[in-house]
Each structure stands twice: as structure tokens, then as C-alpha cells.
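Peer 1: no FASTA, just this:
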């Protein structure tokens with residue numbers, strides 16, 4: 001049986017590309033070499049390139065996502081393992097392009113990616129399935145901001161967030177009316193649409209959900225204990241939070257979170273890795289967002305959950321490749 005050619009596609013157009021390179025390295029190292037020939041492809045704003053075994057760059061042909069190795073050998077990939085965090089790998093752009101050229105890839109398709117990258121639309125769709133979220137107000141750049149009305153509606157403190165979900169950049173916690181306008185300006189720097197949400201005072205949990213061997217499973221529930229006021233960019237990437245897996249919750253709450261996380265995943269028609277964030281208040285999980293290409297470096301939440309669940313990284317990644325091949 002000839003080996004399948006797998007490209008681990010990493011990088012991206014946002015500040016998260018550094019995290020993606022680490023995630024890509026872990027997947028590159030973990031895939032079974034008896035089954036696959038594994039390669040690295042880096043997608044950045046200004047260049048897309050293939051890295052050979054001497055770390056020499058070779059340009060990717062965007063016409064068919066192939067690479068010319070030595071003048072006459074053209075390498076095409078059986079599967080692209082997409083591990084780009086943020087744009088273009090987590091918002092549907094890359095998936096739509098791959099669909100158009102007939103390239104197989106891991107993870108969810110372009111619609112699920114685009115939808116989940118938009119917090120407001122994700123929560124709106126999931127509310128139809130009875131999945132609760134914070135009370136919120138949505139604003140586009142240039143719309144009038146009525147501070148009185150917003151604070152009366154949502155109460156204080158409240159959160160201001162860019163609507164596009166990527167990293168936690170641009171999020172503020174607003175405690176006083178006087179801070180609201182400045183917070184909206186910070187969020188508008190990251191996105192033309194913002195979400196203002198009521199403050200949910202409770203435990204934050206991060207829930208890994210995947211489809212593994214034909215079944216939707218919850219890999220784990222991780223409790224996020226921020227050292228800062230909330231799980232911001234610094235907490236997420238610079239270790240300013242404690243992550244406890246499994247979360248310190250009773251069995252009834254655990255089952256409730258598992259059911260809601262699975263329901264969210266299946267309702268959106270998801271496949272591949274996902275990590276959803278919830279706030280637990282009075283035992284009820286309120287959904288914040290879903291990440292369809294969560295961090296996968298060794299210190300990230302999903303690989304840690306897999307380890308505790310008892311699925312090796314090799315099997316977790318191999319399962320993704322096999323699903324993509326069978327698409």
C-alpha cells in the first residue's frame with residue numbers, strides 16, 4: 001500500500017500564526033510515518049511555501065496547491081491537515097479555496113468555519129437549539145452608541161468584544177459607564193462589528209469536542225482560573241491562567257455541560273477539533289463561543305484533554321486524516 005501524502009498547513013494571517021506554527025509542529029511530529037509521508041506548508045499573508053527536509057522554502061502553486069520539488073516532480077497532497085488559527089484557516093476562506101480546487105482537508109467545511117468565526121451568528125443559531133448565552137447587544141462601526149440604553153439593558157459590569165473570534169485581542173471588561181466608549185473603540189480596532197455582553201459571574205470552562213471513529217465525544221472539560229480579571233490574550237498565551245482538567249464540578253453539572261457541548265457541535269454540523277467556551281452560572285452553561293481550530297501546541301487545552309481522556313495525539317491526528325481521505 002503506498003503511503004498517503006499529508007501536508008500539515010500552518011501559519012495564518014493573524015498574530016496567532018506563532019501559536020499555529022507550534023501546533024503544526026506537534027501534528028507533524030505525531031502523524032504515523034508508516035501510513036503517511038508528512039510535509040510542512042506555511043501559509044502567510046505575503047507568501048505560501050513548502051518546507052523541505054533542509055528547511056528550504058519552495059513556493060506553493062495556488063492553482064492546485066501543489067509544489068514543484070526539483071523542476072520535474074510536482075507534489076500534490078492527498079490531505080491538507082489544517083491547523084491555522086484565525087484567518088484564513090479558521091474562517092472558511094482556505095476551505096472554500098480547497099473545495100474549489102478539489103483538495104481534501106481536515107476539520108469542518110467552509111460554512112461551519114465562517115459561521116463559528118462570527119460569535120453573534122453562532123449564538124443566534126444555537127439559541128434556536130435551546131443553548132443559552134449571555135444577553136447581548138450587537139453594533140456595527142459607525143452606529144450610534146447609546147451608553148445609557150446599553151448599560152440599562154445589560155447592567156454593569158459588561159464585556160465588549162470584537163465579533164470575529166480569533167484570539168482574545170480587543171476584549172474589555174467595563175465596570176463604569178464612563179469606560180464603555182473607550183472599550184468599544186478598542187474592539188472596533190479588531191473588527192467592524194462588536195458584541196457587548198452582560199457579565200456572567202461564574203466558572204469558565206473550555207470543552208473539547210471531536211468526532212472520533214464516527215462518534216461525537218467530549219474529550220474533556222477544563223476549568224479556567226484566570227490570574228487576570230478574565231481569560232484575556234495574556235492569560236491564553238502567556239500562561240497567566242491556571243487550567244484544571246478535569247474541572248472541579250459535580251457529576252450532574254458535568255453531564256449537563258457534556259450534553260450541551262455535544263448538542264452545539266452536532267447542531268452546527270461540525271467535524272474535526274473544536275473547543276467551546278462556557279460560563280457556568282447556577283449550574284447552567286452559557287455559551288461564549290466555539291473555536292474550530294483551537295491551539296494544539298503541547299501546552300494547549302485540547303491535547304491535554306486528549307491525554308487525560310486516553311487518546312494519543314497520534315490517534316487523534318490520524319483519525320482526522322482518515323476522515324478527510326474518506327470525504
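Peer 2: Sure, I can see it. Since the model is a prediction, treat every value here as computed from it, not as a measurement. Numbers count the residues shown, from 1 in each chain.
Peer 1: so how far is stretch 203-211 off the chain centroid?
Peer 2: Computed by CA atoms, centre = their mean, to the nearest Å, the chain-centroid distance of stretch 203-211 equals 11 Å.
Peer 1: now do stretch 252-267
Peer 2: Distance, stretch centre to chain centre, for stretch 252-267: 18 Å (CA atoms, centre = their mean).
Peer 1: now the helices for the stretch 101-250 of the chain?
Peer 2: 110-116, 119-127, 147-154, 180-190, 233-237 (DSSP state H, counting those that start in this stretch).
Peer 1: quick one: pLDDT of the residue nearest the centre of the chain?
Peer 2: Residue closest to the average C-alpha location in the chain (CA atoms, centre = their mean): residue 291, at 2.7 Å. The confidence metric pLDDT takes the value 94 at residue 291.
Peer 1: how's the chain carved up into domains?
Peer 2: Domain assignment for the chain by automatic domain parsing gives 4-106, 118-132+201-291, 136-198.
Peer 1: for the ones you listed, which one sits closest to residue 327?
Peer 2: domain 4-106 (5.6 Å; CB to CB). Backbone N, C-alpha and C define where each C-beta goes, glycine included.
Peer 1: Can you give me every residue that contacts the residue nearest to the centre of the chain?
Peer 2: Residue 291 makes contact with 85, 90, 116, 165, 274-277, according to CB atoms under 8 Å, 6 or more residues apart in numbering.
Peer 1: Filter these down to just the ones in strands.
Peer 2: 274-277 (DSSP state E).
Peer 1: shaky segments in this structure?
Peer 2: Residues of the chain meeting the criterion pLDDT under 70: 165-168, 228-240.
Peer 1: Take the contacts of residue 291 and write them to CSV, including neighbour count.
Peer 2: Output for these, formatted as CSV (neighbours: other CB atoms under 10 Å):
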residue, neighbour count
85, 26
90, 30
116, 27
165, 23
274, 27
275, 25
276, 28
277, 21
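Peer 1: Reformat those residues as a markdown table; add distance to residue 186.
Peer 2: Shown next, in a markdown table, are the contacts of residue 291 (distance: CB to CB, whole Å):
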| residue | distance to residue 186 |
| --- | --- |
| 85 | 21 |
| 90 | 22 |
| 116 | 23 |
| 165 | 16 |
| 274 | 27 |
| 275 | 25 |
| 276 | 25 |
| 277 | 20 |
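Peer 1: What lies in contact with the biggest strand by length in the chain?
Peer 2: Counting residues, the longest strand in the chain under DSSP E turns out to be strand 215-226. Residues outside strand 215-226 that contact it (CB under 8 Å, 6+ apart): 203-211, 231-232, 235, 240-249, 254, 257-258, 261-262, 265-266, 301-302, 304-306, 308-309, 311.
Peer 1: For the biggest helix by length in the chain, name the packing helices and strands.
Peer 2: Longest helix of the chain, by residue count under DSSP state H: helix 251-267. Applying 3 or more CB pairs under 8 Å, 6 or more residues apart in numbering; DSSP states H and E, we find helix 251-267 packed against helix 119-127, strand 203-212, strand 215-226, strand 274-281, strand 284-291.
Peer 1: Just put the ones you listed in JSON lines and tack on distance to residue 51.
Peer 2: Shown next, in JSON lines, are these (distance: least, CB to CB, whole Å):
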{"stretch": "helix 119-127", "distance to residue 51": "34"}
{"stretch": "strand 203-212", "distance to residue 51": "27"}
{"stretch": "strand 215-226", "distance to residue 51": "30"}
{"stretch": "strand 274-281", "distance to residue 51": "27"}
{"stretch": "strand 284-291", "distance to residue 51": "26"}
